[in-house]
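> using only what follows, build the 3D model:
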Amino acid sequence: MWLRFRAGLRRIAGPGCGARTRACSVPTHGDARLAAAERRVHTSVNAARMSACATAHWIKIAAVPALCAGLASAATRPHYGGILRIELHDAFESADPPQTGPGMADLMRAFNITLWEGGRRAVYTADENAAAGRPFVDSVEIQLARPLRDQSIDLELGKTDIVELGPNEIRRQQSSRKIWQSQPVRVVALVFDRRIADARVREALALAVDRSAILTVLLQRQGEISGALLPQWLSGYAFLFPASSDLARARTLAAGAHPLSLSVSDAGLRAIADRITLNARDAGLTVNIAPQGAQATAADIRLMEARIPTADPARALAALAAAFGLPEPGRAETPDALCAAERNLLDGFRVVPLFHLPDVYGASPRVKGGPGVTPLGEWRFGDLWIESAHP
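Numbers count the residues shown, from 1 in each chain. A predicted model of the protein is given here:
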């Protein structure tokens with residue numbers, strides 16, 4: 001049997017809702033964010049099923065006690081207040097906070113920037129007039145330029161709420177730790193300078209890289225091996241692009257090649273670059289890591305990372321082509337046409353995709369709601385709330 005309540009009704013009377021219990025509320029349309037969050041809490045109670053419609057709410061009679069019990073807990077019920085503490089490894093040493101891309105720019109949907117100290121910290125406060133409703137937390141405090149290892153330690157000690165997790169930090173996390181992970185949206189690739197005209201040398205290095213060993217040892221199996229720009233989850237055809245090593249053929253192609261220099265765009269990729277130099281040596285290629293600074297920009301090869309900004313495959317391919325300095329791909333209306341366009345981009349080994357990696361975050365037990373990141377790695381922290389210390 002089901003009970004129907006009119007839209008304005010807020011309190012439920014009946015078994016399980018005694019005078020000593022916290023008032024049980026049915027979300028109304030006055031606060032879209034709270035209503036949405038409470039509906040998620042209701043669905044987590046096994047006996048309760050709820051469906052909100054424009055003019056009425058339906059609740060099964062047998063579910064009322066369990067529903068009230070679930071809402072009575074301050075630890076699980078969405079509520080307002082508190083500070084969400086975040087740590088990031090990027091310094092963002094700029095005059096203004098990021099305005100585009102995933103991460104801090106996503107906070108502008110529900111928060112207003114109130115303090116910006118580039119390279120140090122940022123503070124965002126809740127926007128009372130946010131389109132999706134006021135965020136649950138009062139503010140978000142972000143500490144910048146924090147090493148990944150230090151972030152992980154701070155999370156364990158309860159000094160912060162959300163941190164980035166690198167491969168080594170993921171390995172050290174407790175099995176019960178709350179982890180949020182996006183789809184593989186970061187593309188790691190080798191990009192050859194135009195002056196490296198010999199396609200045989202470029203192919204030789206592509207065949208020399210042992211992607212499997214790097215993924216297993218250095219990346220702790222976080223991500224995917226790929227020879228394609230677009231990941232499998234987005235295109236559906238990435239498996240058609242070869243990504244295996246072939247040292248015998250690499251040695252043949254590398255015969256007589258001159259030494260090459262390799263620059264690294266991100267310090268987090270340095271361990272991968274070091275392993276690539278060893279793989280190259282096994283194939284008869286000499287590849288040296290270029291020092292940071294002016295010499296790095298003049299390197300023969302760059303180990304780079306670019307993000308997939310959209311779930312539209314054609315637009316994502318165009319964005320990656322631009323990031324890696326490739327020509328704009330031809331228009332593709334079908335998966336076959338898109339696959340052909342990507343093959344044309346990668347023909348000649350000017351760019352050699354290696355891995356697709358996800359964004360990974362760790363969250364403290366006091367953070368409720370979520371996950372706080374979308375499949376594209378966008379932040380959705382407006383839907384998170386902080387566990388109350390006193391029910």
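
> would you list every one of the strands in the stretch 101-250 of the chain?
With DSSP state E, counting those that start in this stretch as the criterion, the stretch 101-250 of the chain has strands at 111-117, 121-126, 139-143, 162-164, 178-192, 224-225.

> now render those strands as a markdown table, adding distance to Gly133 and mean pLDDT.
The C-beta positions use only the backbone N, C-alpha and C, and glycine is treated the same way. Converted to a markdown table, the strands of the stretch 101-250 of the chain look like this (distance: least, CB to CB, whole Å; pLDDT from 0 to 100):
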| stretch | distance to Gly133 | mean pLDDT |
| --- | --- | --- |
| strand 111-117 | 13 | 96 |
| strand 121-126 | 10 | 97 |
| strand 139-143 | 16 | 97 |
| strand 162-164 | 21 | 96 |
| strand 178-192 | 21 | 96 |
| strand 224-225 | 36 | 96 |
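
> return the most buried member of those.
Most buried of the strands of the stretch 101-250 of the chain, by mean neighbour count (mean count of other CB atoms under 10 Å): strand 162-164, with a mean of 25.

> pull up the pairing partners for that strand, direction included.
strand 83-87 (parallel), strand 351-363 (antiparallel) (DSSP bridges).

> residue ranges with poor pLDDT in this protein?
Within the chain, the stretches falling below the threshold (pLDDT under 70) are 1-76, 171-176, 293-296, 389-391.

> can I get the strands of the stretch 101-250 of the chain in CSV including distance to Arg251?
Formatted as CSV, these follow (distance: least, CB to CB, whole Å):
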stretch, distance to Arg251
strand 111-117, 52
strand 121-126, 51
strand 139-143, 48
strand 162-164, 39
strand 178-192, 18
strand 224-225, 22
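
> now Thr286, nearest residue through space, not along the chain?
Once flanking residues are discounted, Thr286 sits nearest to Pro259: 4.0 Å by CB to CB, 6 or more residues apart in numbering.

> try Ile301
In this structure, Ile301 finds its nearest non-sequential neighbour in Leu262, 4.7 Å apart by CB to CB, 6+ apart.

> quick revisit: format the strands paired with strand 162-164 as TSV; extra columns: mean neighbour count and distance to Arg380.
Shown next, in TSV, are the strands paired with strand 162-164 (neighbours: other CB atoms under 10 Å; distance: least, CB to CB, whole Å):
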stretch	mean neighbour count	distance to Arg380
strand 83-87	22	12
strand 351-363	23	12
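
> for those strands, which one sits closest to Gln183?
For those, proximity to Gln183 was assessed by CB to CB; strand 351-363 is nearest, at 6.2 Å.

> figure out which of the strands of the stretch 101-250 of the chain is closest to Pro353.
Ranked by CB to CB, the member of the strands of the stretch 101-250 of the chain that lies closest to Pro353 is strand 178-192, at 4.7 Å.

> what angle do the closest one and strand 351-363 make?
Interaxial angle of strand 178-192 relative to strand 351-363 (axes from the mean of the first three to the mean of the last three CA atoms, to 10 degrees): 160 degrees.

> mind checking how far strand 178-192 is from the chain centre?
On the basis of CA atoms, centre = their mean, to the nearest Å, strand 178-192 sits 8 Å off its chain's mean C-alpha point.

> that strand packs against which elements?
helix 199-208, helix 232-235, strand 301-307, strand 351-363 (3 or more CB pairs under 8 Å, 6 or more residues apart in numbering; DSSP states H and E).

> output these as a markdown table; include the columns distance to Ala132.
A markdown table is the format used below for these (distance: least, CB to CB, whole Å):
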| stretch | distance to Ala132 |
| --- | --- |
| helix 199-208 | 45 |
| helix 232-235 | 26 |
| strand 301-307 | 24 |
| strand 351-363 | 20 |
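
> closest to Ala105 out of these?
Of all the helices and strands packed on strand 178-192, strand 301-307 comes closest under CB to CB, at 12.3 Å.

> mind listing the strands the closest one pairs with, and their directions?
When DSSP bridges is applied, strand 301-307 pairs with strand 178-192 (antiparallel), strand 260-264 (parallel).

> which residues does the helix or strand following it contact?
Sequence-wise, the next helix or strand downstream of strand 301-307 (DSSP states H and E) is helix 313-323. Identification of contacts with helix 313-323 by CB atoms under 8 Å, 6 or more residues apart in numbering yields 187, 229-230, 234-235, 304, 306-310, 326-329, 331-332, 335, 338, 341-342, 345.
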